[in-house]
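[1] Starting from these lines, generate the structure:
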Amino acid sequence: MTNSEIDNGSTRDDLVQRVALMETMIAEGRSTTTRFGWVFVMWGLVYFAAVGWVLFLPLAIWAWPVCVSAAIATSIIVGARRKRMHGGSENVRSRSIEAVWRMMGSAICLYVVGAILSHHAGDPAYVAAILFFIGLAHGTSALILRWGVQGVVAAIWWTGGIATFFFTSERESYGIFLGASFFGMILFGLYAMMLERRRAAGPLQSQVQRHA
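    Numbers count the residues shown, from 1 in each chain. Model prediction:
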């Protein structure tokens, strides 16, 4: 079959172009994720701050509402500023990733508020559900972007969710949650930031080599 022959309404060149477009969109989607690596780091630190408040400070009922509200406000302000400064390209995959995380965040907020009002917050199943929510967002993003590293991160959160059913004391549950936060948020965010720094340095290195 030559390039001009038709196979199910598409030429071979059309198929090659579609594959190239898909690869470009995946690369741009991953780039979107790496640009927001700082968000993962920030949320991981917020989780540590909130758990520390709950365990060691008074007025523990305000720990999560205050920490989460501050994190959301920071994400919106800093994200908008970075978007104005650097701009950004969007495609179907990057918009899908953004939608996944927005809906996950909304679901967790509603879930936490409902659990607090009904006095179920702190139960092992309550903590497990949050771990599975976050793992679901990572897993969905990993499938969309075909990114194995983020798939491993999803597995970390899901493993933590399963573990909370066997280690049921409050300190054990929070310890599992903080472990998942460290490996599945902070370290992943730092890794994404490293990739973004390398990507941003690529054009500069090419210019230096051309002028050398």
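
[2] residues contacting Ala71?
    Met42, Trp43, Val46 (C-beta atoms under 8 Å, 6 or more residues apart in numbering). Bear in mind the C-beta positions are built from the backbone N, C-alpha and C, glycine included.

[3] wait, which of those is closest to Leu131?
    Trp43 (13.6 Å; C-beta to C-beta).

[4] Excluding chain neighbours, what is closest to that closest one?
    The shortest distance from Trp43 to any non-neighbouring residue, by C-beta to C-beta, 6 or more residues apart in numbering, is to Met185 (5.6 Å).

[5] mind giving me a markdown table with the contacts of Ala71 and columns for neighbour count and pLDDT?
    As requested, the contacts of Ala71 are arranged in a markdown table below (neighbours: other C-beta atoms under 10 Å; pLDDT from 0 to 100):
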| residue | neighbour count | pLDDT |
| --- | --- | --- |
| Met42 | 19 | 93 |
| Trp43 | 22 | 92 |
| Val46 | 20 | 93 |
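
[6] Just the closest of these to Thr33, please.
    Out of those, the member with the shortest distance to Thr33 (by C-beta to C-beta) is Trp43, at 13.6 Å.

[7] how about the one helix or strand the closest one maps to: buried residues?
    Secondary structure assigned from DSSP states H and E places Trp43 in helix 37-56. Buried residues in helix 37-56, counted by 16 or more other C-beta atoms under 10 Å: 37-51, 53-54.
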